[in-house]
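Chemist: Provide a 3D model corresponding to the input given below.
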Amino acid sequence: MSLPAAAAVLPVTAPTSADLDGITEELVARYDRPGPRYTSYPTAPHFTPEFTTARYEEALRTAAARSEEPLSLYVHIPFCAERCAYCGCNVVVSPHRGPEARYLEALAQELKAVAELLGRRRAIAQLHWGGGTPTYLSPAQCEALFAAIAENFTFTDGAELAVEADPCVTTVHHLRVLRRLGFNRLSLGVQDIDEQVQRAVGRLQPLATTQELVVAARELGFASVNVDLIYGLPCQTAEGFAASVETVVEALAPDRAAVFSYAHVPWIKPHQRALEAFPLPRGWAKFRIFAAAARVFLAAGYRFIGMDHFARPADGLAGALERGTLHRNFMGYTTMPASDLVGVGITAIGDVGGAYVQNERNLARYQRTVAAGHLAVERGAVRTAEDELRGFAIRSLICRLALDFDEVERRFGVDPGVVFAPEMAELAAMARDGLVAVGERGVTVLPRGRFFLRNVCMPFDAYLRGEKSATTYSRTV
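Modeler: Numbering: from 1, shown residues only. Predicted coordinates for the structure are as follows:
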């Protein structure tokens, strides 16, 4: 589902702080609604249990026909020593070590089974270890997991090997081992450095702890170090978060930064109700917190990629955006195109052979199923021709900030002016608000619209029609 390497024909302009000045409380209120983050289309709530293990095996065999094309591989390591109150990830909280050893055995079995169906020794262009906390594993366990991957796959020249890390549990020894294995990108969870905010969410993380790892990573030769921040947490203010981001820029100087919106979904993650003991910023107050962070990054010379990502001009994300070669998958924005993305581990999601597949979410069932020699599929979706068309439109808007009707016509053999007539009518209101420019041959996201990308994509999402999205998605602001 990757986009071809082609620049958008419509002009795209980078946003500045002046564009933030034009965003009013009324505008935010108009667009603050539940909506997807579009790491896939259709999005995960529309995967169904009718997608079986047999269908996944068929998809893997379909992907095996593309044996010369590289893969992306996502490995989910769900374990955390403690649960952060804001967490929306699929995690297994295990303060005592031991359960991860059996899980690593299951991962090795799943990797072997998947590799056999794909064709042995397929090349990986992008590897990502996510969690949970991948560095919950000991350095020796990290080596064992990597050995299981290398036993079944090879790597392309210049492959991106990325790992997420919690500075509170990650050691310099971890980093030495990971770098020796070939990892070249490190993603550190920071969230906010304000101690009052950290206490409210239950994650105390001194800046010095994170700074030590950043210095070590750069000395070891990690090509890219990025940080994850979260806005919309209890006790945050625009002024306080701006001060935190200024410190992050000065003390950590990340190559990339993701400033994620806190998704308060206690009906899905009941532990988040603990945060309701504090006032949670919402709507205009929450947007002001993000805007304050954006101003700091823009003033420091970072490029606003879109959605929630900032990157230094020399970083690959910024270059890919300018060239029109940026991509997006379940790992977020990426510069590494791959025909298929394989996910292993509990709840991992893959994009293989024209279908999405998600693994079993229950740890014990996952391990039993894999031990019995089966792939542990819980649900998925086979994409239709309509899905491919609309998915292309959404990814174009997110990754190129433009939708070129001529390209749509060439790729899909449809008249976009007819097929997307209802969407164009809906986008007309966004055009009046200065978010997009709509022409006869396409749509361009204007600088102000880059702050509302999820909203710009939503008219193209056929699954939202008539859906009770308020109980499905986080809010777009």
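
Chemist: quick one, strands of the stretch 51-200 of the chain?
Modeler: 71-77, 79-80, 92-93, 122-131, 153-165, 185-191 (DSSP state E, counting those that start in this stretch).

Chemist: can you tell me which of the ones you listed the model trusts least?
Modeler: Mean pLDDT values for those show the minimum at strand 92-93, a mean of 90.

Chemist: Serialize the strands of the stretch 51-200 of the chain to CSV and add fields for mean neighbour count and distance to F452.
Modeler: Just so you know, the C-beta spots here come from the backbone N, C-alpha and C atoms, and that holds for glycine as well. Listed next are those as CSV, based on neighbours: other CB atoms under 10 Å; distance: least, CB to CB, whole Å:
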stretch, mean neighbour count, distance to F452
strand 71-77, 25, 28
strand 79-80, 20, 33
strand 92-93, 16, 35
strand 122-131, 23, 27
strand 153-165, 18, 27
strand 185-191, 23, 23
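
Chemist: out of the ones you listed, nearest to P139?
Modeler: With respect to P139, and counting by CB to CB, the nearest of the strands of the stretch 51-200 of the chain is strand 153-165 at 12.1 Å.

Chemist: which other helices and strands contact that closest one?
Modeler: strand 122-131, helix 172-181, strand 185-191 (3 or more CB pairs under 8 Å, 6 or more residues apart in numbering; DSSP states H and E).

Chemist: cutoff 7 Å now
Modeler: Where contact means 3 or more CB pairs under 7 Å, 6 or more residues apart in numbering; DSSP states H and E, strand 153-165 is packed against strand 122-131, strand 185-191.

Chemist: do you know which of those strands lies nearest A371?
Modeler: strand 122-131 (22.1 Å).

Chemist: can you list contacts of the closest one?
Modeler: Strand 122-131 is contacted by residues 67, 70-78, 89, 91, 115, 153-156, 159-164, 331, 334, 336, 338 when judged by CB atoms under 7 Å, 6 or more residues apart in numbering.

Chemist: pairing partners for the worst-scoring helix or strand of the chain on mean pLDDT, with directions?
Modeler: Ranking every helix and strand in the chain by mean pLDDT, DSSP states H and E puts strand 332-334 at the bottom, with a mean of 86. The strands beside strand 332-334 in its sheet (DSSP bridges) come out as strand 327-329 (antiparallel).

Chemist: next one: the strand it pairs with to chain centre, how far?
Modeler: Remark: strand 327-329 is offset 8 Å from the chain centroid, using CA atoms, centre = their mean, to the nearest Å.

Chemist: what pLDDT, on average, does that strand get?
Modeler: Confidence for strand 327-329, expressed as mean pLDDT, is 89.

Chemist: picking that back up, closest to I23 out of the strands of the stretch 51-200 of the chain?
Modeler: Closest among the strands of the stretch 51-200 of the chain, using CB to CB: strand 185-191, at 24.0 Å.

Chemist: now do the closest one: which elements does it pack against?
Modeler: strand 153-165, helix 207-220, strand 224-231.

Chemist: just put the ones you listed in a markdown table and tack on distance to H174.
Modeler: Shown next, in a markdown table, are the helices and strands packed on strand 185-191 (distance: least, CB to CB, whole Å):
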| stretch | distance to H174 |
| --- | --- |
| strand 153-165 | 7 |
| helix 207-220 | 9 |
| strand 224-231 | 14 |
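
Chemist: tell me the centre residue of the protein?
Modeler: G332 (2.8 Å; CA atoms, centre = their mean).

Chemist: which residues does that residue contact?
Modeler: Counting by CB under 7 Å, 6+ apart, G332 has contacts T39.

Chemist: and the gap between it and A258?
Modeler: The gap separating G332 from A258 is 7 Å, by CB to CB, to the nearest Å.

Chemist: now for the closest residue to G202 other than its chain neighbours: which residues touch it?
Modeler: In space, G202 comes closest to A85 once its chain neighbours are excluded; the distance is 4.7 Å by CB to CB, 6 or more residues apart in numbering. Counting by CB under 7 Å, 6+ apart, A85 touches 201-202, 271-272, 274-275.

Chemist: recalculate using a threshold of 6 Å.
Modeler: Contact analysis of A85 by CB atoms under 6 Å, 6 or more residues apart in numbering lists 201-202, 274-275.

Chemist: show me which of those are buried.
Modeler: 201, 274-275 (16 or more other CB atoms under 10 Å).

Chemist: per the record, what domains does the protein have?
Modeler: When the chain is parsed with automatic domain parsing, its domains come out as 17-38+385-471, 44-344.

Chemist: can you report how many residues lie near the residue nearest to L181 when sequence neighbours are not counted?
Modeler: What sits nearest to L181 in space, not counting adjacent residues and going by CB to CB, 6+ apart, is F146, at 4.7 Å. Using other CB atoms under 10 Å, F146 has 20 other residues around it.
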